[in-house]
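Engineer: quick one: sequence plus predicted model below, questions after.
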Amino acid sequence: MAVKNYILVCGGTACESAKGDDIYKALLKEAEAHGVAEDVQIVKTGCFGFCEKGPIVKVLPEQAFYVEVVPEDAKEIIAETIVKGRIVERLQYQPEKGAKGDAFDIENIEFYQKQYRIVLRNCGLINPESIDEYVARDGYAALEKCLFEMTPEDIIEELKISGLRGRGGAGFPTWLKWNFSRQVESQQKYVVCNADEGDPGAYMDRSTLEGDPHSVLEAMIIAGICVGADYGAIYIRAEYPLAIERLETAMKQAREYGLLGNDILGSGFNFDIEVRLGAGAFVCGEETALLASIEGKRGMPIPKPPFPAVKGLFGQPTVINNVETFANVPVIITKGGKWFSQIGTEKSKGTKVFALTGKIKNSGLVEVPMGTTLREIVFDIGGGIRGGKKFKAVQTGGPSGGVITEEFLDTPIDFDNLISIGSMMGSGGMIVMDEDDCIIDVTKFYLEFCVEESCGKCAPCRIGTKKLYEYLDRFTKGQGKMEDLKKMRDIGNAMKKASLCGLGQTAANPVLSTLKYFPEEYRQHIEDGKCIAKKCKDLVRYEIVAEKCIGCTVCARKCPVNCIEGERKKPHIIDQDRCIKCGACYDGCKFDAITVS
Amino acid sequence: MAKMTLEELRKLRSSQKSEMERRDVEGKEIHIIVGMGTCGIAAGAKMALDSFLDTIKSNNLTDVVVKQTGCMGLCYSEPTVEVKVPGMPDIIYGNVDAAVAKEIVEKHIMHKKMVENHIQDKPAGDIIK
Ligand SMILES: Cc1cc2nc3c(=O)[nH]c(=O)nc-3n(C[C@H](O)[C@H](O)[C@H](O)COP(=O)(O)O)c2cc1C
Ligand code: SF4
Ligand code: SF4
Ligand code: FES
Ligand code: FES
């Protein structure tokens, strides 16, 4: 007989440790006892991401969603839900107040509602290599509308109502940028898509292009219609071969269908797009450097104004937008700016895609309405910190951003709030840190990145990043002075004011932000010569506690530099001068006889 | 296909839409949709894909379509695969290596039994309509 029901028991680590396995066994036993073992399949799943309310048991196709289940509930679940097809109300998850929808539906659980997919609407749903599947999901409907029903002014107006701001970092209103370009008189105009994505830890643009390339093409054509451009370029780093391949495929298909090229859909409008490969330098993501790079010059920024919208590629008006910004446009046109403006906060509309990485349980791409709090992203969607460690901070905005500490976890995230707490939206990389991460070490990582990526054109950035890096490096070696902190602030502030482009203007942000929120950790490194996260090798000491050491010799055998001495069955000693702090002895000792301080 | 007119695009959209709906509602076909974003591929999605194709072939299954898609957002459980079998709930499997892929075909598709310990949840139930 065919299976009628499926019971999914969460087998994730959190639920498993809360008796998930006993529940599973109890369910099997009860199914047997009620004679329904053949009708139902009971399976263990991975984490549902809702560990807070675990253990979770889901019954399909009834869509029962039971939370905080205990093994004793098994009997009722089988007797009621499986045998009689009734929901056990007592166990059923109660939606939080104000939850949408009256009938209970798993999709209506607020927890799952915290994500809202606009940019990623087609990612993971359609075949990115099939234009037909894109068309089936209302693809190119916005293009239709813009070609045949709307004037360029209408398009601008719709974008203005939507409140869409650029997702490349600075949050500049998209309608304003398009309007500048539109108003300039010129024979030739361009549309450029910035797919450089140089931020460490960020990959949302790549994923969007890989999962839904047509949405970006469609938006670029619309931008062309709006400003009067007939040529577009996608600047993408060569390290993204799959995204490039899928873009090429999508462009070929669009050309075959007459959606790209001359006389689009018989409207008389011409527009074509080309992919331009970048070599993967961070500074080439800066718009003026990017345009220089497309022109075949070295990717170095030039002062603004004039802005690219007025004088860009080959000196012509150029609309340049980020991938995610573009991916929002078709939906805004088909569903209306008003619809879009209802999502998000007062000054930041719509959603933002974040690449959630670091010490988080569920790393991945997360798209949430603006105004969602960091706590919701890290703990509800991300499932919290891996391995039961303590949350320390989240780094947002990459090398241009800063850290957000525990006290700001409940701040609604949008462009302005992030700046007010000393960080930045940036492109959307979000790196979660736990107690094992050293704040100086993390800051040093970003500065090292900026030292390498600075184009060197202007002194504040070239010298400033290097100086800041050197200070941080000395702190990790226990050679810092407290006066250094003031000097670092001065250098940072000078860089902000005097650097030519955004790289240098923001490179000091990680320093300034961590100095502000973790002064104690800086002080410990400098004055006490201590790294509480035990990351800075030069400040860590491995020692053997004589009372606990039984002389098993394991540590001595594990030590790669043979710096542990001692007789069998007698306490061992580490020669501190030769120790390279690899930690092998610590990991190897079964008697907890080795301490790290 | 030759260049389209507006009319033809609209026709294509409505026929594709009903095609997609029919697929979901009547579900005559079995679908295996493999997440083939960079992170999926890095985690071994190609191996899983090959294993799906091999197992389908060696069992002479003809009504199974293997497709690819982009990032499902569940990068921590890559390779991720969505399996749609008529009469069964749509299931997303995570950490699908070649062996699990084989198991999915032999158990889930051929015997309508879900595979233990690899079921994941959708990242968002509210992908816009
Ligand atoms: C050093 C530096 C790197 C940048 N990298 C990127 C990038 O990788 N992708 C991007 O879209 N914008 C990047 N930007 C921002 C762009 O200069 C520009 O503001 C953006 O592409 C405009 O698009 P938007 O209005 O859609 O945000 C960078 C800026 C600076 C200063
Ligand atoms: S700020 Fe840095 S990256 Fe920007 S122009 Fe100056 S040296 Fe180059
Ligand atoms: S930390 Fe490494 S080098 Fe130092 S004593 Fe232990 S095993 Fe030897
Ligand atoms: S472990 Fe069960 S929901 Fe996370
Ligand atoms: S790219 Fe695979 S789920 Fe993110």
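Structural biologist: The structure has been received and is ready for your questions. Numbers count the residues shown, from 1 in each chain, chains lettered A, B, ... in the order given. Ligands and ions are numbered 1, 2, ... in the order given.
Engineer: check what pLDDT residue 1 gets.
Structural biologist: If you meant another chain, say so; for now it's chain A. At residue A:1, the pLDDT value in this model is 45.
Engineer: wrong one, I was asking about chain B
Structural biologist: pLDDT, residue B:1: 58.
Engineer: can you check the one 10 residues further on too?
Structural biologist: With respect to pLDDT, residue B:11 scores 90.
Engineer: from residue B:118, how far off is it?
Structural biologist: In this view, residue B:11 and residue B:118 are 41 Å apart by C-beta to C-beta, to the nearest Å. Every residue, glycine included, has its C-beta placed from N, CA and C.
Engineer: so which of those two has more stuff around it?
Structural biologist: residue B:118 (25 against 12; other C-beta atoms under 10 Å in any protein chain shown).
Engineer: count the residues that sit near the closest residue to that one other than its chain neighbours.
Structural biologist: Distances taken as C-beta to C-beta, 6 or more residues apart in numbering or on different chains place residue B:93 nearest to residue B:118, at 4.5 Å, with adjacent residues excluded. Using other C-beta under 10 Å, residue B:93 has 27 neighbouring residues.
Engineer: could you list everything residue B:93 pairs with in the sheet?
Structural biologist: With DSSP bridges as the criterion, residue B:93 is bridged to residue B:81, residue B:119.
Engineer: quick one: secondary structure of the most centrally placed residue in chain B?
Structural biologist: By C-alpha atoms, centre = their mean, chain B has its centre lying nearest to residue B:33, at 1.7 Å. Following DSSP: H, G, I helix; E, B strand; the rest coil, we place residue B:33 in the strand state.
Engineer: ok, the closest residue to it other than its chain neighbours to residue A:128 distance?
Structural biologist: Distance criterion C-beta to C-beta, 6+ apart; nearest residue to residue B:33, sequence neighbours excluded, is residue B:82 at 4.3 Å. Per C-beta to C-beta, residue B:82 is found 14 Å from residue A:128.
Engineer: go on, residue A:393?
Structural biologist: 35 Å.
Engineer: more neighbours: the two, which one.
Structural biologist: Taking other C-beta under 10 Å, residue A:393 and residue A:128 do not tie; residue A:128 has more neighbours (31 against 26).
Engineer: so the more buried one sits right up against residue A:253, yeah?
Structural biologist: No - using C-beta atoms under 8 Å, residue A:128 makes no contact with residue A:253, being 10.8 Å away.
Engineer: for the chain, which helix is longest?
Structural biologist: I'll assume chain A. Ordering each helix of chain A by length in residues (DSSP state H) puts helix A:459-476 first.
Engineer: meant chain B actually
Structural biologist: helix B:6-25.
Engineer: which helices and strands sit right next to it?
Structural biologist: Where contact means 3 or more C-beta pairs under 8 Å, 6 or more residues apart in numbering or on different chains; DSSP states H and E, helix B:6-25 is packed against helix A:131-136, helix A:141-148.
Engineer: which one is the residue of the stretch 301-450 of chain A found nearest ligand 3 nearest to, not counting chain neighbours?
Structural biologist: At 16.7 Å from ligand 3, residue A:436 is the closest residue in the stretch 301-450 of chain A, using C-beta to the nearest ligand atom. Nearest residue to residue A:436, sequence neighbours excluded (C-beta to C-beta, 6+ apart): residue A:533, at 5.5 Å.
Engineer: ok, that neighbour touching residue A:438?
Structural biologist: Yes - the criterion here is C-beta under 8 Å, and residue A:533 meets it with residue A:438 at 3.9 Å.
Engineer: the two - which one has more neighbours?
Structural biologist: residue A:438 (23 against 19).
Engineer: hang on, the earlier thing: give me the pLDDT for the residue nearest to residue A:436.
Structural biologist: Per-residue pLDDT puts residue A:533 at 85.
Engineer: and residue A:65, that one's in a strand?
Structural biologist: Yes - according to three-state DSSP, residue A:65 belongs to a strand.
Engineer: pLDDT weak spots in chain B?
Structural biologist: Low-confidence segments of chain B (pLDDT under 70): B:1-2, B:21-28, B:122-129.
Engineer: so which residues of it form strands?
Structural biologist: For chain B, applying DSSP state E gives strands covering B:30-35, B:64-69, B:81-84, B:91-93, B:119-120.
Engineer: select, out of these, the one closest to ligand 3.
Structural biologist: strand B:119-120 (39.1 Å).
Engineer: do the closest one and ligand 4 meet at all?
Structural biologist: No - on the criterion C-beta under 6 Å from any ligand atom, strand B:119-120 is out of touch with ligand 4, staying 10.7 Å away.
Engineer: how many neighbours does residue 3 have?
Structural biologist: In the absence of a named chain, this looks at chain A. Counted with other C-beta under 10 Å, residue A:3 comes out at 15.
Engineer: let me rephrase: I mean chain B.
Structural biologist: 16.
Engineer: next: residue A:262.
Structural biologist: Neighbours of residue A:262 under the rule other C-beta under 10 Å: 13.
Engineer: can you pull the contacts of the residue lying closest to it once chain neighbours are set aside?
Structural biologist: Of all residues not flanking residue A:262 in the chain, residue A:270 sits nearest, at 4.8 Å (C-beta to C-beta, 6+ apart). Applying C-beta atoms under 8 Å, 6 or more residues apart in numbering or on different chains to residue A:270 gives the contacts A:230, A:261, A:262, A:263, A:264.
Engineer: swap the cut-off to 10 Å and go again
Structural biologist: Neighbouring residues of residue A:270 by C-beta atoms under 10 Å, 6 or more residues apart in numbering or on different chains: A:224, A:229, A:230, A:231, A:260, A:261, A:262, A:263, A:264.
Engineer: just residue A:429 next, same as before
Structural biologist: Taking C-beta under 10 Å, 6+ apart, one finds A:197, A:199-204, A:354-358, A:395-399, A:401 in contact with residue A:429.
Engineer: could you find the closest non-adjacent residue to residue 37?
Structural biologist: Let's take chain A. Nearest non-adjacent residue to residue A:37 (C-beta to C-beta, 6+ apart): residue A:31, at 4.5 Å.
Engineer: that's the wrong chain, I meant chain B
Structural biologist: residue B:71 (3.9 Å).
Engineer: can you tell me which residues in chain A are near ligand 2?
Structural biologist: Checking chain A against ligand 2 by C-beta under 6 Å from any ligand atom, the hits are A:283, A:301, A:454-458, A:461-462, A:499-501, A:503-504.
Engineer: and stretch A:237-249, does that touch chain B?
Structural biologist: Yes - using C-beta under 10 Å from any C-beta of the partner chain, stretch A:237-249 reaches chain B at A:239, A:240, A:241, A:242, A:243, A:246.
Engineer: for residue B:74, see how far away the second one is.
Structural biologist: Relative to residue B:74, residue A:240 is positioned 20 Å away (C-beta to C-beta).
Engineer: who has more neighbours, those two?
Structural biologist: Legend: neighbour count by other C-beta under 10 Å for residue A:240 and residue B:74, higher for residue B:74 (26 against 23).
Engineer: returning to what we had before: joint contacts of residue A:533 and residue A:438?
Structural biologist: Residues touching both residue A:533 and residue A:438 (C-beta under 10 Å, 6+ apart): A:392, A:521.
Engineer: around ligand 1, which positions in the stretch 401-550 of chain A sit nearby?
Structural biologist: A:427, A:501, A:502, A:503.
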